[in-house]
Structure formats: C-alpha cells, structure tokens
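Peer 1: this one's structure only:
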Ligand code: NAD
C-alpha cells in the first residue's frame, strides 16, 4: 500500500531544499524501492499570506492523515509584524501540538570528510553517530506555577516548575529504547536525581522501562556528567534520553560537535496508534528559513535530505535505504563537493541543485 508523505516546504530556503527531497522521492519511486504518494501544503508566512493563518485547517487535516510530514523551514522579516498567534512559527507549534509530538530526535552524525571542521579533534568525532531523544512537551518549559512576583521590597521572585508524571517519562524512554534497537542497542538516561525530585522519578521510571528491553545496554548518567562526556568522548554514546530542558542543551551541544546548521536533521514523534502501532511523525532540518540566502540557490539541502533519511528509518523501517541515503551524502562530501556553509579550502563549491543531484547520482551508482 502506498505511504502518504505530506510536504510542507514553508518559507525562504524551505522551498529550495524541499525540491531536492522531492527529486529523491521521485527517484526512489521510479526505481520501485518505495511507493510514496506526496501532497504539499503551505505553512508559515506563505500560509499566512494565503489564508491569514500559519497553517490552514485543510492542511492540518492532511498532516494528521499522512504517514509522515516533511517540513522545510518557516519565517522571515516579511512576517515579523504579524499578530503573535499567526506568526510563522505558530504553524510548527500547531503541528507539534495536534500531532502530539512529544519526542524530539536530534542525531549528531560526523561525516569523515567534515571531521576537521569540528571544534574537537578528528579522532574524537570521526564516525560519530549519536542520537539525543529529548522530551518535548513537558517539564520546566510548561510546568505551573510559572511566574514573576514583585515582592514589594525592591525584590522580585521568579518561579519555573519542573513537572513530570510517570506516563510522560515512560513513553519517552520507550521511544529511546525502541530506537536503540534499530541502532547500536545502548541507551543512556540523563537526569539530575542527585538534586531533583523529578530526576528521582525519571530514573525510577526509566529503570522500570529498561527491564522490558533486556537486549539493550541501559545506563543512568547525571546530566552534568553527560555534558562533560559529550565533549570528552562523545563516541561512547549511542542513544541518550533526557527531559525537555537538559535535552534542549545537550542536543545543541551534541549537534554542534559535527559542524554546520545546514547539516543537521531532526525528527519529532508522537505516540503509537493503538490499532496500527505507527507513530505520527514530523521530520525537519534544525536550521531556519535563512532569509539572507533565500532565492539564491545556494542553501545546503543535506539537513533536509538527512531528515528524510530519518523518516525512512524511523517511520517506515527502511533501514537499508536510510543507510544508503546517508552513505550517498557521505560519499559526495568525500568527493569534495561543498555548499557555501561548509566550504573548505580546495573543495568545490556547489549550489543546492548540484548538491542534490550529486547525492542522487551517488545513490544510483
Ligand atoms: P537560520 O537557521 O535561518 O540561519 C542562520 C544562519 O545559517 C544564516 O546565515 C543562514 O544563511 C545559515 N543557514 C541556515 N540554514 C542553512 C542551509 N541549509 N544552508 C546554508 N546556510 C544555512 O536562523 P535565523 O537567521 O536565526 O532565522 C531566520 C528565520 O528562520 C527567522 O524568521 C526564524 O524565526 C526562522 N527559524 C525557523 C526555524 C524553523 O522553521 N524550524 C528554526 C529557526 C529559525
């Protein structure tokens, strides 16, 4: 049966990078390696211009009905003054909320050809492939009370509240364990159980979930130590699971071990459907709409193509195909092709289309 992909290119370079993914999908279908049907919609500023909302109800319905959503990027100076609830990012937030996307996946993959661009030594990062699984809808970013109170004596008191319930921890740790099964079978769960009650519960629930995955290596790690180990010896990790706040910080640190924004893919997953076991999912590059280079044909399409590879791996279980796409990206970088954002001396600078075509050529080879 055909699998439904809903493409939301968005604004700025979003439309340029998504075209390269469309060519990849067409090639995969043409080779009968996949059977995807695609539909496209508007999100962000372009949706606001067309419908007065950052995403229309009709497109929300299509996103809900799709097997996976592939998202480009939203935003730009043109829409800086639109009402807050209609700003371009509101489209992405609505998608995350309505699709129930509570698990954010940020891989940090270091392609050998770019190892010298890392701030760490080549031997520490070459071949790095780790996945940070961040809880996305709970914790201190959403907990109540969340206030600033004037104490009347020249002082103010600010309160944020870290709240986690068992089910929220259970489901995110299960996502991490399920993903580890498709990778190197090792999970580190990071919290601050030495000083935080939410950390104590986090670890209690995580350890209980781990008992259902006896085939995995499961480790507890304190979040501060996790930060240190990520820059000391990142290759010791396979999958790391943590809460919203620690995940925000650790995933940025891990991602930047490996280079440019134009290289970083991500995914957000929801709960498995009771009948089919399939999860709602949205795949997107980490970068934004890059208004400074939009329309010039120079954006790096790799983050978006790598996000699509994540869809193959995590939504469709097409692991070999995902490996092939990632290997094609790696081979093109080995050949010496670079977009401007990852330019290095003595390497050939190419545009968006040329980079996409080179990846396709490698895939077909
Ligand atoms: P940005 O990620 O768009 O750009 C930061 C810098 O990185 C720019 O110099 C840009 O040219 C470069 N860059 C980003 N992606 C690139 C790529 N694929 N290839 C080559 N270079 C690339 O971040 P910003 O400039 O802070 O934000 C621009 C707009 O994007 C804003 O409106 C912001 O709100 C929005 N934004 C959207 C998302 C999203 O859609 N998820 C994420 C971040 C920012």
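Peer 2: Yes, it's here. Because the structure is a prediction, the values reported are computed rather than measured. Numbers count the residues shown, from 1 in each chain.
Peer 1: Just give me the neighbour total for residue 310.
Peer 2: 24 (other CB atoms under 10 Å). To be clear about C-beta, it is placed using only N, CA and C from the backbone, and glycine gets the same treatment.
Peer 1: make that residue 283, sorry
Peer 2: Residue 283: 26 neighbours (other CB under 10 Å).
Peer 1: repeat for residue 65
Peer 2: Residues lying near residue 65 (other CB under 10 Å) number 10.
Peer 1: Name all residues that make contact with it.
Peer 2: Contact partners of residue 65, counting by CB atoms under 8 Å, 6 or more residues apart in numbering, are 4, 6.
Peer 1: That one and residue 34, how far apart?
Peer 2: Remark: distance between residue 65 and residue 34 (CB to CB, to the nearest Å) = 19 Å.
Peer 1: Packing partners of the least confident helix or strand in the chain by mean pLDDT?
Peer 2: Of all helical and strand segments in the chain, the minimum by mean pLDDT, DSSP states H and E falls on helix 244-256, at a mean of 90. In this structure, helix 244-256 packs against strand 103-109, strand 129-135, strand 186-191, helix 223-232, strand 239-242, with contacts taken as 3 or more CB pairs under 8 Å, 6 or more residues apart in numbering; DSSP states H and E.
Peer 1: Which one, of the ones you listed, ends up nearest to the ligand?
Peer 2: When the helices and strands packed on helix 244-256 are compared by CB to the nearest ligand atom, strand 103-109 sits nearest the ligand, at 11.7 Å.
Peer 1: Quick check: what element follows the closest one along the chain?
Peer 2: helix 122-125 (DSSP states H and E).
Peer 1: all helices of the stretch 1-150 of the chain, in order?
Peer 2: All helices of the stretch 1-150 of the chain, identified by DSSP state H, counting those that start in this stretch, fall at 14-30, 45-51, 57-65, 88-98, 122-125.
Peer 1: I'd like the ones you listed laid out as CSV, including mean pLDDT and distance to the ligand.
Peer 2: Shown next, in CSV, are these (pLDDT from 0 to 100; distance: least, CB to the nearest ligand atom, whole Å):
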stretch, mean pLDDT, distance to the ligand
helix 14-30, 98, 6
helix 45-51, 98, 8
helix 57-65, 97, 15
helix 88-98, 94, 6
helix 122-125, 93, 21
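Peer 1: Now do the helix or strand following the least confident helix or strand of the chain and helix 244-256, the angle between them.
Peer 2: Per DSSP H and E, the first helix or strand lying C-terminal to helix 244-256 is strand 265-272. For strand 265-272 against helix 244-256, the angle by axes from the mean of the first three to the mean of the last three CA atoms, to 10 degrees is 140 degrees.
Peer 1: Same question for strand 265-272: list its buried residues.
Peer 2: 265, 266, 267, 268, 269, 270, 271 (16 or more other CB atoms under 10 Å).
Peer 1: could you say what helices and strands it packs with?
Peer 2: strand 103-109, strand 279-285, helix 302-314.
Peer 1: Need the ones you listed in CSV (columns: distance to the ligand and mean pLDDT).
Peer 2: Formatted as CSV, the helices and strands packed on strand 265-272 follow (distance: least, CB to the nearest ligand atom, whole Å; pLDDT from 0 to 100):
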stretch, distance to the ligand, mean pLDDT
strand 103-109, 12, 94
strand 279-285, 6, 96
helix 302-314, 6, 96
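Peer 1: can you pull the contacts of whichever residue of the stretch 251-365 of the chain sits closest to the ligand?
Peer 2: Residue of the stretch 251-365 of the chain nearest the ligand, by CB to the nearest ligand atom: residue 288 (2.4 Å). Listed by CB under 8 Å, 6+ apart, the contact set of residue 288 reads 12, 73, 74, 75.
Peer 1: same thing with residue 322?
Peer 2: Residue 322 makes contacts with 309, 310, 312, 313, as judged by CB under 8 Å, 6+ apart.
Peer 1: okay, the angle between the stretch of helix or strand it belongs to and strand 265-272?
Peer 2: Using DSSP H and E, residue 322 falls within helix 319-335. With the same axes, to 10 degrees applied, the angle from helix 319-335 to strand 265-272 works out at 170 degrees.
Peer 1: Quickly list what the residue positioned nearest the centre of the chain is bridged to.
Peer 2: Nearest residue to the geometric centre of the chain (CA atoms, centre = their mean): residue 266, 1.4 Å. Counting by DSSP bridges, residue 266 is bridged to residue 284.
Peer 1: Roughly how far does it sit from residue 197?
Peer 2: Taking CB to CB, one finds residue 266 at 30 Å from residue 197.
Peer 1: ok, back up a step: quick one: closest of the helices and strands packed on helix 244-256 to residue 217.
Peer 2: With CB to CB, the closest approach to residue 217 among the helices and strands packed on helix 244-256 belongs to strand 186-191: 4.4 Å.
Peer 1: Next SSE downstream of the closest one?
Peer 2: Following strand 186-191 in sequence, per DSSP H and E, is helix 197-210.
Peer 1: Identify each buried residue in that next one, please.
Peer 2: Buried, per 16+ other CB under 10 Å, within helix 197-210: 198, 199, 201, 202, 203, 205, 206, 209, 210.
Peer 1: for the first one, what are its contacts?
Peer 2: With contact taken as CB under 8 Å, 6+ apart, residue 198 is in contact with 139, 162, 163, 164, 191, 243.
Peer 1: can we see that at 7 Å?
Peer 2: With contact taken as CB atoms under 7 Å, 6 or more residues apart in numbering, residue 198 is in contact with 162, 164.
Peer 1: one step back: need the max-distance pair from the contacts of residue 322.
Peer 2: Most distant of the contacts of residue 322, by CB to CB, are 310 and 312, 7.3 Å apart.
Peer 1: buried residues in the helix holding residue 322?
Peer 2: Result for helix 319-335 [16+ other CB under 10 Å]: buried residues 321, 322, 324, 325, 326, 328, 329, 330, 331, 332, 333.
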